[in-house]
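Asker: could you look at this predicted model? Sequence included:
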2 protein chains.
Amino acid sequence: MAGPAKKSGGLDLSVLQDRIGFRVHMLDLHMMRWLGERCARHGLTPASASVLMVIRSNPGVRHGELADALLIRRPNMTKLMRRLETRGLLCRKGSPGDKRRVVLALTPEGEKVIAEVGGYFRMQDDLLQKALPGAGDDALTTLMDSMHGALDAPEPETSAATASRKPRRKAAI
Amino acid sequence: MAGPAKKSGGLDLSVLQDRIGFRVHMLDLHMMRWLGERCARHGLTPASASVLMVIRSNPGVRHGELADALLIRRPNMTKLMRRLETRGLLCRKGSPGDKRRVVLALTPEGEKVIAEVGGYFRMQDDLLQKALPGAGDDALTTLMDSMHGALDAPEPETSAATASRKPRRKAAI
DNA sequence: TATTGTTATACTCTATAACTATA
DNA sequence: TATAGTTATAGAGTATAACAATA
């Protein structure tokens, strides 16, 4: 479900729009699509890109430790890790001490990709931050809508942005 | 991905937590789980419950019209409608004028269920609204965390809440 | 016996293409 | 020819149970 959620062809959506939770949900969807389009240019999803960024900040982190921190179930984390490894972005190896453990780190290719994709995350945050300053009466609803709109403005092209356009459903990790 | 996202066993998550978008995403996940647990007591998801609520506010709405308004693709809407119809909550019938069109309305059973489930949506909104008043310096981040926490307090039992507890993975619509 | 990570499985959501039936 | 809704298919997220290897 989604949308700026205003005028929808005569449909009464007030039962949804009057809820703060719905506004947050719409904003989240909008942000994820914005980020998703851009991550897809590099064959990633916002989730897989976020995981790579956390691994970069925590080289040598364990499989389960990462899963717990990000509230991802271990079996699901396994699938994600395997896809990232297959794509050559991630290095998985057994811990020398405890042979049950799997230790994670980025490959040089992973470092390169995440350096580019990270730019999109910062760009989105800049757009959202700029939308904040003036709160109003219905402070939060106003903030939500303002942030929602902040993502719709034309954006300056960057090195990451110029990389590749619309990869036609190229299965993203 | 998810969580209050603070202390995570020594892991550095600042690359995520410093982003406003991540905070919104975490809040959204938290809200959806809160609502999801409660909707599941009635065999629904927050999404299917929301769809039923919009149909209740707009009896006789068309299939595609509803899909467009909620940004759901028509094929996906079809699957959702069929499940709701199978469960006896929704009535689908062809439009008399244009025989291509499918017109939607709640069944009496649907009305009954959504009257109960709607209480959870209002309850969540009340909790979130109460968390707002005092903004601070990092206004929005503070608001997000406050709203996040607002869902963790013990809640007063209601008729809807007492209905049934933890239906053990009973496939939700 | 407990922990770590894996496999297997299932359900949902999402997205596209192709089909039917009406108009 | 265009529109409304459907079917078919595929990818991704999420969840649980059961398993192997190790501690």
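Answerer: Good, I have the coordinates. Residues are numbered from 1 along each chain as shown, chains lettered A, B, ... in the order given.
Asker: what's the neighbour count on A:Gln17?
Answerer: Counted by other CB atoms under 10 Å in any protein chain shown, the residues lying close to A:Gln17 total 16. In this view, the C-beta of every residue, glycine as well, is placed from N, C-alpha and C.
Asker: and the helix or strand containing A:Leu27, is it in reach of DNA strand D?
Answerer: Using DSSP states H and E, A:Leu27 falls within helix A:20-40. No: applying CB under 7 Å from any atom of the strand, one finds helix A:20-40 out of contact with DNA strand D, separated by at least 9.2 Å.
Asker: stretch A:99-117 too?
Answerer: Yes: residues of stretch A:99-117 contacting DNA strand D under CB under 7 Å from any atom of the strand: A:99-100.
Asker: list the buried residues of that stretch.
Answerer: If you call a residue buried by 16 or more other CB atoms under 10 Å in any protein chain shown, then stretch A:99-117 has these buried ones: A:102-106, A:110, A:113-114, A:116-117.
Asker: got it, and stretch A:33-41?
Answerer: Here stretch A:33-41 shows A:34-36, A:38-41 as buried, counting by 16+ other CB under 10 Å.
Asker: re earlier: with respect to DNA strand C, which of the buried residues of stretch A:99-117 is nearest?
Answerer: For the buried residues of stretch A:99-117, the residue nearest DNA strand C by CB to the nearest atom of the strand is A:Val102; the value is 3.8 Å.
Asker: just confirm A:Thr68 is within a helix.
Answerer: Actually, residue A:68 is Asp. It isn't Thr. Yes: counting by DSSP: H, G, I helix; E, B strand; the rest coil, one finds A:Asp68 located in a helix.
Asker: next, count neighbours for it.
Answerer: Neighbour number of A:Asp68 under other CB under 10 Å is 17.
Asker: and if you look at A:Pro75?
Answerer: A:Pro75 has 8 neighbouring residues, counting by other CB under 10 Å.
Asker: one more: the one 5 residues further on?
Answerer: Applying the criterion other CB under 10 Å, we find 19 residues in the vicinity of A:Leu80.
Asker: go on, the one 4 residues further on?
Answerer: Applying other CB under 10 Å, we find 23 residues neighbouring A:Leu84.
Asker: for it, pull up the helix or strand it's in.
Answerer: Assigned by DSSP H and E, A:Leu84 belongs to helix A:74-86.
Asker: give me the residues contacting that helix.
Answerer: Helix A:74-86 is contacted from outside by A:47-48, A:51-52, A:63-64, A:66-67, A:72, A:90-92, A:102, A:104, A:110, A:173, using CB atoms under 8 Å, 6 or more residues apart in numbering or on different chains.
Asker: and the residue in chain A that DNA strand C sits nearest to, what helix or strand is that in?
Answerer: Using CB to the nearest atom of the strand, the single residue of chain A nearest to DNA strand C is A:Gly64, 2.4 Å away. In this assignment (DSSP H and E), A:Gly64 forms part of helix A:63-69.
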